[in-house]
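>>> fold the following for me, if possible:
(chains A, B, C and D)
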Protein chains: 2
Amino acid sequence: MRKRRSLAMNLDAVAQKAGVSTSTVSRVLNNLEIVKTSTRSRVLKAAEELNYHPNLHARSLARGKSRILGIIVSNMENPFFLDIYRTLESDAHAQGLEVVVANTDYRSEQLLASVQLMIGLRVAGLAAIVSEMEEHLIQTVAGSRIPAAFYDVGTPQKNITNIRVDYRKGIKKTVSYLSALGHRRMAFIGHHSTLGPISERRKTFLESVHRCSPSAEAKIFAGPDGLDGGRQAARELLESGFRPTAILCVNDFMAVGVMRELREEGLQIPRDVSVTGFDNIKLAEFCSPPLTTVHIPREQIGHIIFDNVFGDGRAEHDTGREIVIDPELVVRDSTGIAAKS
Amino acid sequence: MRKRRSLAMNLDAVAQKAGVSTSTVSRVLNNLEIVKTSTRSRVLKAAEELNYHPNLHARSLARGKSRILGIIVSNMENPFFLDIYRTLESDAHAQGLEVVVANTDYRSEQLLASVQLMIGLRVAGLAAIVSEMEEHLIQTVAGSRIPAAFYDVGTPQKNITNIRVDYRKGIKKTVSYLSALGHRRMAFIGHHSTLGPISERRKTFLESVHRCSPSAEAKIFAGPDGLDGGRQAARELLESGFRPTAILCVNDFMAVGVMRELREEGLQIPRDVSVTGFDNIKLAEFCSPPLTTVHIPREQIGHIIFDNVFGDGRAEHDTGREIVIDPELVVRDSTGIAAKS
DNA sequence: GTCTGCGATGCAAGCGTTTGCAGAAATCGC
DNA sequence: GCGATTTCTGCAAACGCTTGCATCGCAGAC
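You can find the predicted model right below:
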């Protein structure tokens, strides 16, 4: 016999103290109704006194499955990911599921580690809401037979749901709206991500502007993501000499950074220049002026994902699913009629 | 024999495919050096081909411990918690530890569940950064023998580190600063938490104001936490008829909400009223006007916690530790000389 | 040629649960 | 009061891994 590793804090200890077998203890703790009330309370008392907590690893192992929902996100600071995560978490808790989250920080090495972790944990379902998902990882997940949902990747698979937001539509709506206000010189400010979805947005922007008004001017700028990045990109825009009457930003944080820089330059919003964002985070409502932006229904996305991984939508689907979300324009005070040029 | 539950995706499968025993496979996958190179590569090939991922539950069970750091926070949306979490996570990953996070949403029922989860997972260390920690839960954790760090609770224990920020000092510094600017009518805006730390802050505020100037007026208001809550509290303040020349807010989010409401009322900041926050979140720098606030070194806190749970500070300490952090005032544009009354 | 030493591998117990099955105890019918 | 149920409880195998110890094969020493 090998030596004991630590103080005995297992079913056996409780069983001995209560004078029953481990099976009975197990049944009590799992609320199986076949245990006599007197035995039951004796066991509960023993467990309580020993400060016993079941070993979840052993439980998962014995049961052959866990009650854990795995969530992988790129970046918790980004309200887009955060809100989806929070919705998933609350849905999961409502069903008595535990949640394990991993952050990738946009790093594919970290993404790989996270996927391995989730598979290793034999999670009951996996939601990967990351902007950097890679094809071979999708295959890995598919091979693991874990029901999963991915965000914004191109290839639905067996047991895998793919959900995405129709950013093209959001951009088109914004450009049409600005165009109707008379804007003919517009800029798009993105961030340095060269990944699929973003550069598609840039393309869509250019196309939309030219469709609304063939003579209109459109330019693209970029900086790092976030408040600072927006500011930096705005700086570059100003230094380039280009003077748009409207600036579309790829997300709200960047838009707020942009507005700050413009204000410092002495420009008034929206009198001198209109600014729009994307996502409709809380801050968009509270910055000054309140930001016109495209609303991404993050809670709805979270619920849909949950439903597809655990809920009614969980049924095996061989072909995979693709769900597309339509975003809406939310008009606030950061946009107005185009300044005379 | 019981029936197999799922497709055999275990060490045995790999072992058979590679024509070796499970022990050998285990040794290969754990990088023990005693395996012959040829065997080693055969095993790796087999594992690769089977798309094998070790079952972490079984591993933890067999090893008698996990390589997981458990983190519990009140609310990921709050940059205070988020930043500490992120620091902890990156420290953990740097050491090859996995991380499991749980959100309590300020709900003690959810906190209990989270603590149970962490103990059940037999995490190698636990950091609980929650504002609602309860004494009996501390006892529970202490009883579990898991090295832990708590934030801002009063009773250090064996194997438990307690870290807290000296909010009193932060408040005193702010009040002194405002007092020196001539402010004699001040308000403090907190949120509805009636828990220890917060109400201590209120008390400290009142004392500080009276110490600086015995004739000064000081009042306290409160709303729910967050941007909306700040706005609501400011509304109440305005309706009360009290007209402070300076308003201290319990955190930056509330301060931004407050400023928004004041601005809507036609008040100018800081000409008519000065506003300060607490935490020094990114937004404090980007709101308008940029917010004077008290800086809480969240990264430093994260590192200290990690070090005490896993690093050099990890050594058993029977008496418990208490670490106190000193906050600094960061002056920006939301504060100025007191308006003439 | 036997022995020793050693590197590489396998054997099997053990980690803390769950759970099918069997057996014991309590209850019931008559 | 005795068998037939119905409850309740215990036994032991299984979950997938790690790891101390035993074993095996082979090289070098004598």
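
>>> how about A:Ser66, secondary structure?
A:Ser66 carries the three-state label coil when classified by DSSP: H, G, I helix; E, B strand; the rest coil.

>>> tell me which stretches of the stretch 1-150 of chain A form helices.
A:11-18, A:22-29, A:37-50, A:56-63, A:79-94, A:108-120, A:135-143 (DSSP state H, counting those that start in this stretch).

>>> could those go into JSON lines alongside distance to B:Gln268, mean pLDDT and mean neighbour count?
Where you see a C-beta, it was placed from the backbone N, CA and C, and this is true even at glycine. As requested, the helices of the stretch 1-150 of chain A are exported to JSON lines (distance: least, Cβ to Cβ, whole Å; pLDDT from 0 to 100; neighbours: other Cβ atoms under 10 Å in any protein chain shown):
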{"stretch": "helix A:11-18", "distance to B:Gln268": "66", "mean pLDDT": "92", "mean neighbour count": "19"}
{"stretch": "helix A:22-29", "distance to B:Gln268": "62", "mean pLDDT": "93", "mean neighbour count": "19"}
{"stretch": "helix A:37-50", "distance to B:Gln268": "60", "mean pLDDT": "91", "mean neighbour count": "15"}
{"stretch": "helix A:56-63", "distance to B:Gln268": "56", "mean pLDDT": "94", "mean neighbour count": "19"}
{"stretch": "helix A:79-94", "distance to B:Gln268": "30", "mean pLDDT": "92", "mean neighbour count": "21"}
{"stretch": "helix A:108-120", "distance to B:Gln268": "46", "mean pLDDT": "92", "mean neighbour count": "20"}
{"stretch": "helix A:135-143", "distance to B:Gln268": "53", "mean pLDDT": "89", "mean neighbour count": "16"}
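
>>> dump those to a markdown table, plus distance to DNA strand D.
Shown next, in a markdown table, are those (distance: least, Cβ to the nearest atom of the strand, whole Å):
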| stretch | distance to DNA strand D |
| --- | --- |
| helix A:11-18 | 7 |
| helix A:22-29 | 3 |
| helix A:37-50 | 3 |
| helix A:56-63 | 4 |
| helix A:79-94 | 24 |
| helix A:108-120 | 8 |
| helix A:135-143 | 15 |
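
>>> what's the first helix or strand after the helix or strand of chain A with the lowest mean pLDDT?
The weakest-scoring helix or strand in chain A, judged by mean pLDDT, DSSP states H and E, is helix A:196-212 (a mean of 84). Moving toward the C-terminus from helix A:196-212, the next helix or strand (DSSP states H and E) is strand A:217-223.

>>> so which elements touch that following strand?
Secondary-structure packing of strand A:217-223 (3 or more Cβ pairs under 8 Å, 6 or more residues apart in numbering or on different chains; DSSP states H and E): strand A:185-191, helix A:196-212, helix A:227-240.

>>> partners of that strand, with directions?
strand A:185-191 (parallel) (DSSP bridges).

>>> so where's chain A shaky on pLDDT?
Across chain A, the ranges flagged by pLDDT under 70 are A:1-8, A:154-156, A:193-198, A:313-319, A:341.

>>> 50 instead?
A:1-6, A:194 (pLDDT under 50).

>>> domains of it?
As given by automatic domain parsing, the domain ranges for chain A are A:11-54, A:68-165+A:298-324, A:167-296.

>>> in contact with the residue of the stretch 201-341 of chain A at minimum distance from DNA strand C, which residues?
Among the residues of the stretch 201-341 of chain A, A:Phe310 lies nearest to DNA strand C; the distance is 18.6 Å by Cβ to the nearest atom of the strand. Residues counted as contacts of A:Phe310 (Cβ atoms under 8 Å, 6 or more residues apart in numbering or on different chains) are A:Leu69, A:Asp91, A:Ala92, A:Gln95, A:Leu97, A:Ala124, A:Gly125, A:Pro147.

>>> okay, now A:Gly229: neighbour count?
A:Gly229 has 22 neighbours, counted by other Cβ atoms under 10 Å in any protein chain shown.

>>> that one contacts A:Phe221, doesn't it?
No. With contact defined as Cβ atoms under 8 Å, A:Gly229 does not count as touching A:Phe221 (10.6 Å).

>>> does A:Thr335 sit in a helix, a strand or a coil?
coil.

>>> that one - how many residues pack around it?
By other Cβ under 10 Å, neighbour count at A:Thr335 equals 26.

>>> still on that earlier bit, please tell me how far the residue of the stretch 201-341 of chain A closest to DNA strand C sits from A:Gly125.
Distance of A:Phe310 to A:Gly125, given as Cβ to Cβ, to the nearest Å: 5 Å.

>>> shared neighbours of these two, anything?
With contacts defined as Cβ under 8 Å, 6+ apart, the residues shared by A:Phe310 and A:Gly125 are A:Leu69, A:Pro147.

>>> returning to that earlier point: out of the helices of the stretch 1-150 of chain A, which is closest to B:Asp333?
Smallest distance to B:Asp333 across the helices of the stretch 1-150 of chain A (Cβ to Cβ): 25.7 Å, for helix A:79-94.

>>> near chain B at all, the closest one?
Yes. Against chain B, helix A:79-94 shows contacts by Cβ under 8 Å from any Cβ of the partner chain at A:Leu82, A:Tyr85, A:Arg86, A:Glu89, A:His93.

>>> which one of those residues is nearest DNA strand C?
For the residues of helix A:79-94 next to chain B, the nearest to DNA strand C is A:His93 (19.4 Å; Cβ to the nearest atom of the strand).

>>> contact partners for that closest one?
A:Val99, B:Gln110, B:Ala113.

>>> before we move on, the earlier item: any chance of the domains of chain A in a markdown table, plus distance to B:Gln16?
Shown next, in a markdown table, are the domains of chain A (distance: least, Cβ to Cβ, whole Å):
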| stretch | distance to B:Gln16 |
| --- | --- |
| domain A:11-54 | 32 |
| domain A:68-165+A:298-324 | 19 |
| domain A:167-296 | 41 |
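
>>> and of those, who's closest to B:Val165?
So among these, domain A:68-165+A:298-324 is nearest, using Cβ to Cβ, at 21.2 Å.

>>> ends of the closest one, what's the gap?
26 Å (Cα to Cα, to the nearest Å).

>>> next one: stretch A:208-223
End-to-end for stretch A:208-223, by Cα to Cα: 22 Å.

>>> identify the residues contacting that stretch?
A:171-172, A:175-176, A:179, A:183-192, A:202, A:205-206, A:229-234, A:236-237, A:240, A:242, A:244, A:254.

>>> about what we covered before: out of the helices of the stretch 1-150 of chain A, nearest to A:Asp225?
The nearest among those, by Cβ to Cβ, is helix A:79-94 at 11.1 Å.

>>> could you export that closest one as CSV, CA atoms only?
The C-alpha trace of helix A:79-94 is given here as CSV (Å, rounded to 0.1, in the frame of the first residue of the first chain):
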residue,chain,number,x,y,z
PRO,A,79,-17.4,44.3,-23.5
PHE,A,80,-18.3,42.3,-26.5
PHE,A,81,-16.6,39.2,-25.1
LEU,A,82,-17.4,40.1,-21.5
ASP,A,83,-21.2,40.4,-22.1
ILE,A,84,-21.4,37.2,-24.0
TYR,A,85,-19.4,35.5,-21.3
ARG,A,86,-21.7,36.8,-18.6
THR,A,87,-24.8,35.7,-20.3
LEU,A,88,-23.4,32.3,-20.9
GLU,A,89,-22.4,32.1,-17.3
SER,A,90,-25.7,33.1,-15.9
ASP,A,91,-27.5,30.6,-18.2
ALA,A,92,-25.2,27.9,-17.1
HIS,A,93,-25.7,28.6,-13.4
ALA,A,94,-29.4,28.6,-13.9
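
>>> now the angle from it to helix B:79-94?
Put simply, helix A:79-94 runs at 90 degrees to helix B:79-94, going by axes from the mean of the first three to the mean of the last three Cα atoms, to 10 degrees.

>>> give the helix, strand or coil label for A:Arg332.
coil.

>>> just the element for the closest residue to A:Thr87 other than its chain neighbours, please.
Leaving aside its chain neighbours, A:Thr87 sits nearest to A:Gly302 (2.7 Å; criterion: Cβ to Cβ, 6 or more residues apart in numbering or on different chains). Element membership for A:Gly302 (DSSP H and E) is helix A:298-309.
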